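> sequence plus predicted model, see below.
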Protein chains: 2
Amino acid sequence: MKEVIVGVDVGGTNSPFGFVDSEGNILGKGSIKTSDFELFEDYLDALLIEVNAVAGALKDVSIKGYGIGAPNGNYYTGSIDNAPNLRWKGKILFSEMVRAKTGLPAYLTNDANAAAIGEKVFGNAKDMNDFIIVTLGTGLGSGIFCGGQLLYGSTGFAGELGHTIVIDGGRQCGCGRKGCLETYASATGIVKTVIKLLKERTDESSLRYADKDKIDSKSIYDAAVEGDKSALEAFEYTGEILGKALANATAFSSPEAIFLFGGLANSGKYIFESTKKHMEENMLNNFKGTVKVLPSGLKENTAAMLGAAALCWNEMNK
Amino acid sequence: MKEVIVGVDVGGTNSPFGFVDSEGNILGKGSIKTSDFELFEDYLDALLIEVNAVAGALKDVSIKGYGIGAPNGNYYTGSIDNAPNLRWKGKILFSEMVRAKTGLPAYLTNDANAAAIGEKVFGNAKDMNDFIIVTLGTGLGSGIFCGGQLLYGSTGFAGELGHTIVIDGGRQCGCGRKGCLETYASATGIVKTVIKLLKERTDESSLRYADKDKIDSKSIYDAAVEGDKSALEAFEYTGEILGKALANATAFSSPEAIFLFGGLANSGKYIFESTKKHMEENMLNNFKGTVKVLPSGLKENTAAMLGAAALCWNEMNK
């Protein structure tokens, strides 16, 4: 029997999970549809049934605990607090209910923090004590390690770089404020930028013929590869905003590396090079050349489940 | 014999030191003039001679080690690296040389970090794991505790909030860049603000009759107490810039409290109220109402020596 933790990646649409051993191997996988369940209790019952079904089919695994990565997840309380992209409102006592129903240890943190723990335990940050992971998806999430510890802060919500205000009175953010970093530096943000640029510029662009609702970071990337000027300028502008924010983040915690992750990070050199350039240009002298900007060592679709499982392994070894 | 650490507060002009016991009592004090010494070796010899003279006069103290707070001090290397306000250029291996000359443990960190350690060990942050201390003097220094540890980062230079860029293309900073927080939120910054306001405004102000070189944060405070509109607006503007920066800092590390310290913090409600107001207004919902803005529990003139001594006590107890 191989000992595993169930790592659950709670997303707005799906909740994939994996059986993760202490070396980070995923011995089995499953998934349920998050959005099918109006009530959290029903969701959790379905999740545990599916976990047991997959475990039964595998035969040789022994489940030792649960690690959960979730939007607006709070490590201290083990709860999901008012997550805008989930149907369950208020405070959902996720890990407490898993413990009650399974009798096993259960730990929860937010999805970006889970990815950071995954990077530390199984990815490219194994030997790093100070690093930041930035997920560039629909929003911008971040998980921050300082002195070898994940930063939770007094509330459990530390590491919200996506909601630092970078342009006073800037773009409207889903959080209700204006000018948050994630309204510019995210898969959604670069789409807004390219649509604005297409209006301002007059040169030819394949993106002009696309349905505006269909433009995403992948189609902007494809256009950039073809030399599209609006697409290239959109990457340059996004990298400028992100690079400046990362220079400021460096003045805060002086990380050894910053990992870019998620949909927009898949644009490779287009996002990495502009981000690095503007980060270095805006860096205080003491920090110039001290911060690597790197791709994640984890696959995007398994990072959160690996990290969530690593959280549980870590807690059980404390 | 009472065991003490010598806490040294290396300033550009003077280097006061104190004999600090493990409870934070200062059993004796002395000082030498930093700026008298072109060579660091001569400075250090003079410092140790003065320390021994004061110790001899006290008779009943036993020196167990040295803690040093210094501008551009690096905890990892125990050195002062290219401090612009000191005469000694390059890398000064301060703690290594103290160890060599005295045979005692010696530890060094920068002055704002020393103040943060002092606040944690002897001040108002004894029960806090996550807090930030902001010193509003000639510049803006900061020391950041995360999860009970002082944040040094990969370089040892973490916690440079004064050099986060808050206004793109803003005021020229001594670091060579533009728009750094300390060009606005510091004793020097508010003087620049009030001089600008006096040019823009036409109403009566006692500050108009002052020699511009003599205006300082104290005279702006005195004018504010008299209801001077330019002075009041200068505090409001300074608090706006600082409050917004602290809202962003909260999104990073979610501190339980932020301590304001140094010359400008002595302006009491004038700086505290505007800072708190703008911080709360610009805070992400999750953090609203979670951060206290407090005065330091340490006296300004002894904070760095107490903190430096506390650093050494901590290291010796590791």
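All right, it came through fine.
> shouldn't A:Asn169 be within a helix?
Rather than Asn, residue A:169 is Gly. No. Assessed with DSSP: H, G, I helix; E, B strand; the rest coil, A:Gly169 is coil; it does not lie in a helix.
> right, and it touches A:Thr183 too?
No. With contact defined as Cβ atoms under 8 Å, A:Gly169 does not count as touching A:Thr183 (11.7 Å). Quick note: C-beta positions are derived from backbone N, CA and C, even for glycine.
> of these two, which one has the most company?
For A:Gly169 and A:Thr183, the more surrounded residue by other Cβ atoms under 10 Å in any protein chain shown is A:Thr183, and the numbers stand at 27 against 7.
> now the closest residue to the more buried one other than its chain neighbours: phi and psi?
Leaving aside its chain neighbours, A:Thr183 sits nearest to A:Arg171 (3.8 Å; criterion: Cβ to Cβ, 6 or more residues apart in numbering or on different chains). Dihedral pair for A:Arg171: phi -60, psi 140, per degrees, to the nearest 10.
> give me the neighbour count for A:Arg171.
Counted with other Cβ under 10 Å, residues neighbouring A:Arg171 total 16.
> try the one 5 residues further on
The local packing count at A:Gly176 equals 9, with neighbours defined by other Cβ under 10 Å.
> next, the contact list for it, please.
A:Gly176 sits next to B:Asn285 when contact means Cβ atoms under 8 Å, 6 or more residues apart in numbering or on different chains.
> run the last query once more with 10 Å
By Cβ atoms under 10 Å, 6 or more residues apart in numbering or on different chains, A:Gly176 lies in contact with B:Leu284, B:Asn285.
> just confirm it is within a strand.
No. The assignment for A:Gly176, made by three-state DSSP, is coil rather than a strand.
> okay, and A:Gly243 sits in which element?
Assigned by DSSP states H and E, A:Gly243 belongs to helix A:229-253.
> which parts of that helix are buried?
Buried residues in helix A:229-253, defined by neighbour count with 16 or more other Cβ atoms under 10 Å in any protein chain shown: A:230-253.
> among those, which are in reach of chain B?
Restricting the buried residues of helix A:229-253 to those near chain B by Cβ under 10 Å from any Cβ of the partner chain leaves A:Glu240, A:Lys244, A:Ala245, A:Ala247, A:Asn248, A:Ala249, A:Thr250, A:Ala251, A:Phe252, A:Ser253.
> which of these lies closest to B:Gly143?
Of all these, B:Gly143 sits closest to A:Phe252, with 11.9 Å by Cβ to Cβ.
> so who does that closest one touch?
A:132, A:144, A:146, A:161, A:164, B:132, B:142, B:144, B:146, B:151, B:153, B:158-161, B:164, B:248-249, B:252-253.
> about what we covered before: test my guess that the residue nearest to A:Thr183 contacts A:Val191.
No. The pair A:Arg171 / A:Val191 is not scored as a contact, 11.7 Å apart, by Cβ atoms under 10 Å.
> A:Leu232 - nearest residue in space that isn't next to it in sequence?
Counting by Cβ to Cβ, 6+ apart, A:Ala224 is the residue found nearest to A:Leu232 once chain neighbours are left out, at 5.3 Å.
> pLDDT score assigned to that neighbour?
Here, the pLDDT recorded for A:Ala224 equals 96.
> same check, this time on A:Ser154
97.
> for it, which non-adjacent residue is closest in space?
Closest to A:Ser154 by Cβ to Cβ, 6+ apart is B:Glu256, at 3.9 Å.
> contacting residues for the one you found?
Neighbours of B:Glu256 in contact, by Cβ under 10 Å, 6+ apart: A:153-155, B:125, B:127-132, B:145, B:290-292, B:294.
> would you state the helices of the stretch 201-318 of chain A in chain order?
A:217-225, A:229-253, A:269-281, A:300-316 (DSSP state H, counting those that start in this stretch).
> what is the first one packed up against?
Put plainly, it is helix A:217-225. helix A:187-200, helix A:229-253, helix A:269-281 (3 or more Cβ pairs under 10 Å, 6 or more residues apart in numbering or on different chains; DSSP states H and E).
> for the last one, same thing?
Packing partners of helix A:300-316 (3+ Cβ pairs under 10 Å, 6+ apart): strand A:2-9, strand A:14-20, strand A:26-33, strand A:61-70, strand A:106-110, helix A:111-122, strand A:131-136, strand A:149-150.
> how about JSON lines for the ones you listed, with mean pLDDT and distance to B:Glu96 added?
Shown next, in JSON lines, are the helices and strands packed on helix A:300-316 (pLDDT from 0 to 100; distance: least, Cβ to Cβ, whole Å):
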{"stretch": "strand A:2-9", "mean pLDDT": "96", "distance to B:Glu96": "46"}
{"stretch": "strand A:14-20", "mean pLDDT": "96", "distance to B:Glu96": "45"}
{"stretch": "strand A:26-33", "mean pLDDT": "96", "distance to B:Glu96": "48"}
{"stretch": "strand A:61-70", "mean pLDDT": "96", "distance to B:Glu96": "44"}
{"stretch": "strand A:106-110", "mean pLDDT": "96", "distance to B:Glu96": "41"}
{"stretch": "helix A:111-122", "mean pLDDT": "94", "distance to B:Glu96": "32"}
{"stretch": "strand A:131-136", "mean pLDDT": "96", "distance to B:Glu96": "29"}
{"stretch": "strand A:149-150", "mean pLDDT": "96", "distance to B:Glu96": "28"}
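> I'd like to know which of the ones you listed is closest to B:Ile80.
Of all the helices and strands packed on helix A:300-316, strand A:131-136 comes closest under Cβ to Cβ, at 26.9 Å.
> the closest one: which residues count as buried?
Buried, per 16+ other Cβ under 10 Å, within strand A:131-136: A:Phe131, A:Ile132, A:Ile133, A:Val134, A:Thr135, A:Leu136.
> right, and the fourth one touches A:Leu246 too?
This points to A:Val134. Yes. With contacts counted by Cβ under 10 Å, A:Val134 reaches A:Leu246, the gap being 7.7 Å.
> shared neighbours of the two, anything?
A:Leu161, A:Leu181, A:Ala185, A:Ile258, A:Leu260, A:Thr275, A:Val293.
> picking up where we left off before, distance to A:Glu300 added to the helices and strands packed on helix A:300-316, as a markdown table?
What follows is the helices and strands packed on helix A:300-316, written out as a markdown table (distance: least, Cβ to Cβ, whole Å):
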| stretch | distance to A:Glu300 |
| --- | --- |
| strand A:2-9 | 11 |
| strand A:14-20 | 12 |
| strand A:26-33 | 14 |
| strand A:61-70 | 13 |
| strand A:106-110 | 16 |
| helix A:111-122 | 9 |
| strand A:131-136 | 9 |
| strand A:149-150 | 20 |
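> how about the residues of the stretch 1-150 of chain A near chain B?
Checking the stretch 1-150 of chain A against chain B by Cβ under 10 Å from any Cβ, the hits are A:72, A:74, A:81-82, A:128-132, A:142, A:144-150.
> narrow these to just the buried residues.
Neighbour counting by 16+ other Cβ under 10 Å classes A:72, A:74, A:81, A:128-132, A:142, A:144-147, A:150 among those as buried.
> okay if I get those residues as CSV plus secondary structure?
Putting those into CSV (three-state DSSP) gives the following:
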residue, secondary structure
A:Asn72, coil
A:Asn74, strand
A:Asp81, strand
A:Met128, coil
A:Asn129, coil
A:Asp130, coil
A:Phe131, strand
A:Ile132, strand
A:Ser142, strand
A:Ile144, strand
A:Phe145, strand
A:Cys146, strand
A:Gly147, coil
A:Leu150, strand
